[in-house]
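K.L.:
Quick one, structure for this:
(chains A and B)
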Amino acid sequence: MPAPNGPNGFTNQELMVIEAARHIQDGNVVLVGTGMPMVATTFAQKSHAPNCICVVESGPIAPEVIPTPISVSDPKIMHRAVRLGSKREVLGCILQRGLVDVGFLGGAQIDQYGNINTTVIGDYRKPTRRLPGSGGANDVASHSKRILIITKHEKRRFPAHCDYITSPGYLFGPEGRQKAGLPVTTPPITIVTDLAVMELTRESRTMQIIKLMPGVQLGRVLDSLQFAPAVSAHLTEVELPTAEQLRILREEVDPSGVYLKRDGAAGE
Amino acid sequence: MPRSHMNKVMSLTEAVQEFVKDGASVGLGGQNIGRCAMAAVHEIIRQGKRNLTLYGCNLSISMDMLVGAGLVRRCESGSGNLERFGTTFCWRRKVESGELEMEDFSHLAMVSRFLAGEMGLPFMPTKSLLGSDILTYTSRGTQKKFEIVDNPWNPGEPVVLLPAVNPDVAIVHVQRADPMGNLFIEGFSTHEPEMIRASRAVIVTCEELVSTEEARRHPERTTIPFLYVSAVVHQPWGAHPTSVHRYYDYDGDHINHYQACARQGGEAVQGYLDRYVYGSKSFADYLERIGGPARLAGLRASMQSMTRIP
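P.N.:
Model prediction:
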């Protein structure tokens, strides 16, 4: 993915992380996995949301993450946690209990209803490509008050319908979650990519493009989805990062570039 | 119970011989690159226990090695992967070829199943999975994966019931244990507390063997009391190349080495197993092969820089 260096010399991948982090508010309880969700949440903590609380499915509660964890069982994700508990505590007693404000996910496939597939490409019993599976993602998508998805923008990742719905968005339309009996019926869902920001509309609960990355033409985003999304009447450009935001990201969050590539080469 | 409650210490060879049978269902502890019971897995591979069904939440390198050795028939779990180190390649290959049955749940769903198992209940409700394809598709060999019932106290509200899991044997590596089998788990504990108490037998390897007097002096520090534990094996570094909180960091180079072999499959996997598992007389021998004291000291120092060793 070519990521043009803008006047401030940042990549769209870096701005993707900063933009995703803007959707985390100070004081939010955020359930995060590793990779980009963890990078963005750590950035939020070190910039505009110092009181956001991070919980991790393997057991860490409110850690002060040190750079750069590569797994939910990485010691770096445990650093200075107030408790290192169990999966039951985090996924049951915090998430299913209803205490998570933002569930932060990635995904192999994300469809127009915000459903996520991390299980299988092709047929379940005869898969073309077997993927890792749900992990805690189904739980996060079922129980979080808001769902935030961050992913590299590639056409193959955005089918009209997922091959397999691992983690529920709105399933098949506005009433989808309610009909299925999911505990959280109308969570806002936002998808942040290195090309655009998309949200599910209130009316159809399908994807709508609301922001473009600087310098990205709408046509390129439309060409990178396998369905025709709505386009906001108030389409705007993602706000540029400040020098301080870039410094925090590069020096404090991922200083050795485990996830963030300065030259614009593919990261996650 | 044939052995005295007071002393369950034995060798890994004895423990696996006695408690892991061909065709057993095995609960695997640890997660991703943290506290996987690798020494015990090596011994299961050396003894060639076959036709295993593996249970866990995240199944990672320990599962993948057992699959690579051709000993696993079926997995039931929430995921199989090593995150930044890539997927679990032996597992992926055999699921794709249809040689391995895989039944998918979420992590909370698996924890809920262990929770039912540890409390002597037949099933556990959850509000996860609703609307997802985890409830649409089942693997070959699954009889009845779930049931959706109406909440009796709130008619119209669907609730998913999941069957209890009681593995024949759980395999875990912990920081400290005493000869009775009282376990002291430090740091994150994943699904282990529920899984251990749900299992019919439990093999524990530990970094340090401590006295029962220590448990009696600080009983509030005991994570799991001895009642569930069948065998205690003192095996320092028994989770290598995964990490143990407060003891050592994960060995990224070795995990990458395994992953390169696993990705390639076939002779590369066989070569790995020949060199590090079949060819190692003991886990101590394996530790020499992966770089010995110098390598291990680096992993300890790395963990010390993040947590202080007590």
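
K.L.:
What ranges does chain B have for its helices?
P.N.:
For chain B, the helices defined by DSSP state H cover B:12-19, B:38-47, B:61-68, B:89-97, B:107-118, B:192-198, B:212-217, B:252-264, B:267-273, B:283-289, B:292-306.

K.L.:
hmm, I was thinking of the stretch 1-150 of chain A
P.N.:
With DSSP state H, counting those that start in this stretch as the criterion, the stretch 1-150 of chain A has helices at A:12-22, A:36-46, A:87, A:137-143.

K.L.:
hmm, the shortest one in reach of chain B?
P.N.:
Yes - counting by C-beta under 8 Å from any C-beta of the partner chain, contacts between helix A:87 and chain B involve residue A:87. In this view, the C-beta of every residue, glycine as well, is placed from N, C-alpha and C.

K.L.:
Now do that helix: which elements does it pack against?
P.N.:
Helices and strands touching helix A:87, by 3 or more C-beta pairs under 8 Å, 6 or more residues apart in numbering or on different chains; DSSP states H and E, are helix B:107-118.

K.L.:
for the helix it packs on, packing partners?
P.N.:
With 3+ C-beta pairs under 8 Å, 6+ apart as the test, helix B:107-118 has helix A:87, helix A:137-143, strand B:123-126, strand B:158-163, helix B:192-198 packed against it.

K.L.:
ranking those by burial, who's on top?
P.N.:
When neighbours are counted by mean count of other C-beta atoms under 10 Å in any protein chain shown, the highest per-stretch mean among the helices and strands packed on helix B:107-118 falls to helix A:87, a mean of 32.

K.L.:
what residues are up against the residue in chain A sticking out farthest from the centre?
P.N.:
For chain A, the C-alpha farthest from the mean C-alpha position belongs to residue A:126; by C-alpha atoms, centre = their mean, that distance is 28.7 Å. By C-beta atoms under 8 Å, 6 or more residues apart in numbering or on different chains, the residues touching residue A:126 are residue B:98.

K.L.:
The one 3 residues further on too?
P.N.:
Taking C-beta under 8 Å, 6+ apart as the definition of contact, the neighbours of residue A:129 are A:120, A:121, A:122, B:96.

K.L.:
beta partners of the closest residue to the first one other than its chain neighbours?
P.N.:
Closest residue to residue A:120 in three dimensions, ignoring its sequence neighbours and counting by C-beta to C-beta, 6 or more residues apart in numbering or on different chains: residue A:127, at 4.4 Å. Residue A:127 has these beta-bridge partners by DSSP bridges: residue A:122.

K.L.:
quick one on the thing from earlier: would you reformat the helices of the stretch 1-150 of chain A as JSON lines and include mean pLDDT?
P.N.:
Formatted as JSON lines, the entries for the helices of the stretch 1-150 of chain A read as follows, by pLDDT from 0 to 100:
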{"stretch": "helix A:12-22", "mean pLDDT": "97"}
{"stretch": "helix A:36-46", "mean pLDDT": "96"}
{"stretch": "helix A:87", "mean pLDDT": "97"}
{"stretch": "helix A:137-143", "mean pLDDT": "98"}
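
K.L.:
Comparing the ones you listed, which comes out most buried?
P.N.:
The densest packing among these, expressed as mean neighbour count by mean count of other C-beta under 10 Å, is seen in helix A:87 with a mean of 32.

K.L.:
contacts for that one?
P.N.:
Contact with helix A:87 is made by A:57, A:58, A:59, A:136, B:57, B:107, B:108, B:111, B:190, B:191, as judged by C-beta under 8 Å, 6+ apart.

K.L.:
any idea of the pLDDT on residue B:288?
P.N.:
In the prediction, the pLDDT value recorded for residue B:288 is 97.

K.L.:
Quick check: it vs residue B:270, distance?
P.N.:
21 Å (C-beta to C-beta, to the nearest Å).

K.L.:
So which residues make contact with the strand of greatest length in chain A?
P.N.:
As far as residue count goes, and with DSSP state E defining each element, the longest strand of chain A is strand A:230-237. Where contact means C-beta under 8 Å, 6+ apart, the residues beyond strand A:230-237 that reach it are A:201, A:204, A:206, A:207, A:208, A:209, A:210, A:211, A:212, A:213, A:214, A:218.

K.L.:
got the phi/psi numbers for the third one?
P.N.:
Dihedral pair for residue A:206: phi -120, psi 170, per degrees, to the nearest 10.

K.L.:
Count the residues that sit near the closest residue to it other than its chain neighbours.
P.N.:
In this structure, residue A:206 finds its nearest non-sequential neighbour in residue A:112, 4.7 Å apart by C-beta to C-beta, 6+ apart. By the criterion of other C-beta atoms under 10 Å in any protein chain shown, residue A:112 has 25 neighbours.

K.L.:
Who are the contact partners of residue A:112?
P.N.:
Residues counted as contacts of residue A:112 (C-beta under 8 Å, 6+ apart) are A:160, A:161, A:206, A:207, A:227, A:229.

K.L.:
possible to save the residues you listed as a markdown table with pLDDT?
P.N.:
Below are the contacts of residue A:112 laid out as a markdown table (pLDDT from 0 to 100):
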| residue | pLDDT |
| --- | --- |
| A:160 | 98 |
| A:161 | 97 |
| A:206 | 97 |
| A:207 | 98 |
| A:227 | 98 |
| A:229 | 97 |
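
K.L.:
okay if I get the helices of chain B as TSV plus distance to residue A:28?
P.N.:
Converted to TSV, the helices of chain B look like this (distance: least, C-beta to C-beta, whole Å):
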stretch	distance to residue A:28
helix B:12-19	45
helix B:38-47	37
helix B:61-68	33
helix B:89-97	35
helix B:107-118	21
helix B:192-198	28
helix B:212-217	40
helix B:252-264	32
helix B:267-273	44
helix B:283-289	44
helix B:292-306	26
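
K.L.:
Look up how far residue B:93 lies from the residue nearest to residue A:120.
P.N.:
As it turns out, when the distance is counted by C-beta to C-beta, residue A:127 lies 11 Å from residue B:93.

K.L.:
ok, residue B:222 touching residue B:186?
P.N.:
No - taking C-beta atoms under 8 Å as the definition, residue B:222 is not a contact partner of residue B:186, at 12.0 Å.

K.L.:
quick one: low-confidence parts of chain A?
P.N.:
In the predicted model of chain A, residues A:1-8, A:263-268 satisfy pLDDT under 70.

K.L.:
residue boundaries of the strands in it?
P.N.:
For chain A, strands defined by DSSP E occupy the ranges A:29-32, A:53-56, A:60-61, A:83-84, A:102-105, A:109-110, A:116-117, A:120-122, A:127-130, A:146-150, A:189-192, A:196-200, A:207-212, A:230-237.

K.L.:
Looking at the ones you listed, which is nearest to residue B:137?
P.N.:
Closest to residue B:137 of those is strand A:120-122 (C-beta to C-beta; 8.7 Å).

K.L.:
Give the other helices and strands that the closest one contacts.
P.N.:
Helices and strands in packing contact with strand A:120-122 are listed as strand A:127-130; criterion 3+ C-beta pairs under 8 Å, 6+ apart.

K.L.:
Return the strand it packs on as CSV; C-alpha atoms alone will do.
P.N.:
What follows is the C-alpha trace of strand A:127-130 in CSV, where atoms were taken according to Å, rounded to 0.1, in the frame of the first residue of the first chain:
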residue,chain,number,x,y,z
PRO,A,127,-11.9,-24.0,3.8
THR,A,128,-9.8,-22.2,1.1
ARG,A,129,-8.0,-20.5,4.0
ARG,A,130,-8.5,-21.3,7.6
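
K.L.:
buried sites along that strand?
P.N.:
Buried residues in strand A:127-130, counting neighbours by 16 or more other C-beta atoms under 10 Å in any protein chain shown, are found at A:127, A:130.

K.L.:
roughly how far out does that strand sit from the chain middle?
P.N.:
23 Å (C-alpha atoms, centre = their mean, to the nearest Å).
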